[in-house]
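*Asks:* Please work out how this folds:
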Amino acid sequence: MMTKRKFKTSAILKLMIVIPLSVAFLIAVASCAASRKAAKTQKEILPAPPPPSQTPGSKEVPSTVFVVVEEMPVFPGGDKALMEFIYKN
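*Replies:* Residues are numbered from 1 along each chain as shown. Model (predicted):
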């Protein structure tokens, strides 16, 4: 019995107050964080704007995508003119 520690009643009372308050604080912080996260995800999503209308002066873009080009682009004057242009510039 002599090696057994005796707790003071004030220490036990403090623990009985501090532990529930700590748990309540943690629950309050967690609920606030959850409500903020929910508010961020519930933003109003606006519909996409309509596509621009074609004006009479604009060129119409073809709807097909080219995979292979029939005629490859060439530097005006050929490869020799290209090398001269690179050398000079």
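*Asks:* Name the nearest residue to residue 75, ignoring sequence neighbours.
*Replies:* Leaving aside its chain neighbours, residue 75 sits nearest to residue 82 (4.0 Å; criterion: CB to CB, 6 or more residues apart in numbering). Glycine gets a C-beta too; all of them are placed from N, C-alpha and C.
*Asks:* what's the average pLDDT for the top helix by length along the chain?
*Replies:* The helix that spans the most residues within the chain, counting by DSSP state H, is helix 9-41. Helix 9-41 carries an average pLDDT of 79.
*Asks:* Residues touching the following helix or strand past that helix, excluding its own?
*Replies:* Following helix 9-41 in sequence order, the next helix or strand is helix 78-88 (DSSP states H and E). The contact list for helix 78-88, computed with CB atoms under 8 Å, 6 or more residues apart in numbering, reads residue 75.
*Asks:* Roughly how far does residue 17 sit from residue 30?
*Replies:* Distance check for residue 17 against residue 30: by CB to CB, to the nearest Å, it reads 21 Å.
*Asks:* burial of residue 77, as a residue count?
*Replies:* 10 (other CB atoms under 10 Å).
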